[in-house]
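**Q** Fold the following, please.
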Amino acid sequence: MPDNEGTSHTTTYAAPGETIELRRLHTGQMELGTTDVLAEPVSKPDVVLPPAVSQWRLAFEDKRPRWFREMFAEAVGCYFYVYAGVSTSIVFNLDVLTGSGGTLGSILCIGICFAIGVAFAVMIAGATSGGHLNPAFTIAFAVYQGFPWKKVPYYIFAQIFGCFMAALSCYAQYHEQIQAYIAAIEEKGIAKIGPQGVNTLFCAHPGPAQTNLGYVFLNEWMVDSYIAILVWAVLDPSNPFISPASAPYAIGLIYAVAVWGFAIDTFSANPARDLGARILTAMIWGGEAFPHPYSAIAALTPIPATLFGCAIYEFVFKDHRSIIKAGHMSHPDEHEELVRTRTARSDDAPQQIEVRVDDGKFR
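**A** Prediction:
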């Protein structure tokens, strides 16, 4: 057939050990659309395959203790989360002290860094430990999602340890600037530990004007409940607006919004993040960081507040029928299939409609 009628020619070049096909596309084929034409697979005989996994590597992975992997994942996840946030908080406070106008740090930057840090933490720990990263959520998973209670203590220990190591790393990297900060506040007559002390570089502390701790407690409770409801919504398998790939970024954005909106009113949102950094400040500058009543608010309030927020979503928003329908969970009483009967009432008489769910699909 002539070329002007929209045919294509295929030319094959044979070389030692390989075959390459070159296709000439004609105008008539473009009616299919370039996407359809170019979507045809092209075979390459010289593709390098990945190396096979050795039996030694598989045996090694089988012998690794599960509890150690989970603890290490939680510790490293918390490290990534706190390392990003505390470092930006240090820069922000140094800017405020030097009067540079927040050119290197601001509440906006702190929120963004915490958001990215949380996203990175979920990515690195989620596949191994579930990425709890927060004692309050570990307890919430045990209460509402059947997480084993025997794992709760060592999850919490790993989380606090990871946050402590992150704060320690930030202290080591900013040691000279922190020493200059201490000298500057002491020269101004500001206490080393207090609303404007060195402890504020690492952990939360009420501001000089926040003398009523009742308001501080209220702020902590509201922010933690807010975070809990949204995180539980992100983790709901029946939520059509969140995919597994977008979950880390969505959870990070939740924390960023909390920082942008309420960081000035003081909140911790994570007992491990607060305790880990507070232990470091107590070890370096003395135990004055703990006697303050806010240390109890920061360490304890997130747990009941998170349980409260998760309870709202569990008992008001969550619909397990949608989860079953989507194939994410099985009904405990099903046999070969789940049979659900719904009554559709009309003006004449009730009508029985049998709806069968088989393999996650309606029949």
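
**Q** So which bits of stretch 69-86 are buried?
**A** 70-86 (16 or more other C-beta atoms under 10 Å). All C-beta spots, glycine's among them, are computed from the backbone N, C-alpha and C.

**Q** Please name the nearest non-neighbouring residue to Met123.
**A** Among residues not flanking Met123 along the chain, Pro248 sits closest, at 5.2 Å (C-beta to C-beta, 6 or more residues apart in numbering).

**Q** where does the protein dip in pLDDT?
**A** 1-48, 95-105, 288-289, 291, 323-363 (pLDDT under 70).

**Q** What are the boundaries of the helices in it?
**A** With DSSP state H, the ranges of helices along the chain come out as 34-38, 55-63, 66-98, 107-129, 135-144, 152-173, 175-187, 213-235, 247-262, 271-285, 294-300, 302-312, 320-325.

**Q** Distance to Phe241 added to those helices, as JSON lines?
**A** JSON lines is the format used below for the helices of the chain (distance: least, C-beta to C-beta, whole Å):
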{"stretch": "helix 34-38", "distance to Phe241": "28"}
{"stretch": "helix 55-63", "distance to Phe241": "35"}
{"stretch": "helix 66-98", "distance to Phe241": "24"}
{"stretch": "helix 107-129", "distance to Phe241": "17"}
{"stretch": "helix 135-144", "distance to Phe241": "21"}
{"stretch": "helix 152-173", "distance to Phe241": "28"}
{"stretch": "helix 175-187", "distance to Phe241": "43"}
{"stretch": "helix 213-235", "distance to Phe241": "9"}
{"stretch": "helix 247-262", "distance to Phe241": "9"}
{"stretch": "helix 271-285", "distance to Phe241": "28"}
{"stretch": "helix 294-300", "distance to Phe241": "32"}
{"stretch": "helix 302-312", "distance to Phe241": "18"}
{"stretch": "helix 320-325", "distance to Phe241": "13"}
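
**Q** The residue nearest to Met123 against Ile124, yeah?
**A** No. Look at Pro248 against Ile124 with C-beta atoms under 8 Å: they stay out of range, at 9.6 Å.

**Q** Give me the more crowded residue out of those two.
**A** Neighbours were counted for Pro248 and for Ile124 using other C-beta atoms under 10 Å; Pro248 has more, 21 against 18.

**Q** roughly how far apart are Tyr313 and Tyr226?
**A** 11 Å (C-beta to C-beta, to the nearest Å).

**Q** show me what contacts the residue nearest to Met123?
**A** Val118, Ala119, Phe120, Val122, Met123, Gly126 (C-beta atoms under 8 Å, 6 or more residues apart in numbering).
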